[in-house]
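Engineer: following is a predicted model, sequence given first.
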Amino acid sequence: MGKCAKVIVCGMKGVGKTSILEQVIYGNVHSSMQFYPTIEDIYVANIESDRGIKEKVRFYDTAGLEQSQISTAHVYDTDKPESLDVLISLKKDIDKNKDKKEVITVVIGNKTKELDASEYDSTLNKAVNWCSRERIKHFCASAMQRTTLFESFIFLTSKLNPPPSKSTFPQLSMGKKVLSKET
């Protein structure tokens, strides 16, 4: 297991940030649950990356929109266009204040209601187009359906601790070739 990575979960109040974390980590969210405004919570999970390595990830679920971390999961409600507008503004602030560090970001459209596709298409299309322009990975999920959340968190975890790069020193590469010939 690699080092513990940190991710801040951002978004407008009431879009389902806590529901998504509770569901993807514990699998205990159902439609009759009532959530209260979050002040601040920290969730720790061991998530298997796409390389099959378990990574420890600490998720910060805050009411405030803290911007000092290196990884963010932005959540918006597919039924509330204004929640996407908040993320667009937040991303601009993060970009302005990130120093020179790369910020790993995913955007999750939380389907909070069962709507016809036409009812949430405009917000979803706007989000997908914005993510494409910003080169951010976009996911559609529902906090009520745990399996829809896995892909986004596996993707994020895989980006947090990339595999070590191969050596560019010729003598190290040559040494590996010699060893493989002898065996």
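Structural biologist: Yes, it's here.

Engineer: show me where the chain has its strands.
Structural biologist: 5-10, 40-48, 54-62, 71-77, 104-110, 137-141 (DSSP state E).

Engineer: mean neighbour count, distance to residue 149 and mean pLDDT for those - can I get that in a markdown table?
Structural biologist: Just so you know, the C-beta spots here come from the backbone N, C-alpha and C atoms, and that holds for glycine as well. A markdown table is the format used below for those (neighbours: other C-beta atoms under 10 Å; distance: least, C-beta to C-beta, whole Å; pLDDT from 0 to 100):
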| stretch | mean neighbour count | distance to residue 149 | mean pLDDT |
| --- | --- | --- | --- |
| strand 5-10 | 22 | 12 | 87 |
| strand 40-48 | 14 | 11 | 90 |
| strand 54-62 | 19 | 12 | 88 |
| strand 71-77 | 25 | 10 | 90 |
| strand 104-110 | 25 | 8 | 92 |
| strand 137-141 | 19 | 5 | 95 |
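
Engineer: in JSON lines: those, plus distance to residue 159.
Structural biologist: Below are the strands of the chain laid out as JSON lines (distance: least, C-beta to C-beta, whole Å):
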{"stretch": "strand 5-10", "distance to residue 159": "9"}
{"stretch": "strand 40-48", "distance to residue 159": "12"}
{"stretch": "strand 54-62", "distance to residue 159": "10"}
{"stretch": "strand 71-77", "distance to residue 159": "8"}
{"stretch": "strand 104-110", "distance to residue 159": "5"}
{"stretch": "strand 137-141", "distance to residue 159": "8"}
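
Engineer: to residue 16, which of these lies closest?
Structural biologist: strand 104-110 (4.0 Å; C-beta to C-beta).

Engineer: counting contacts, what elements does the closest one pack onto?
Structural biologist: helix 17-26, strand 71-77, helix 81-97, helix 117-134, strand 137-141, helix 147-160 (3 or more C-beta pairs under 8 Å, 6 or more residues apart in numbering; DSSP states H and E).

Engineer: let's see that with 6 Å instead.
Structural biologist: strand 71-77, helix 117-134, strand 137-141, helix 147-160 (3 or more C-beta pairs under 6 Å, 6 or more residues apart in numbering; DSSP states H and E).
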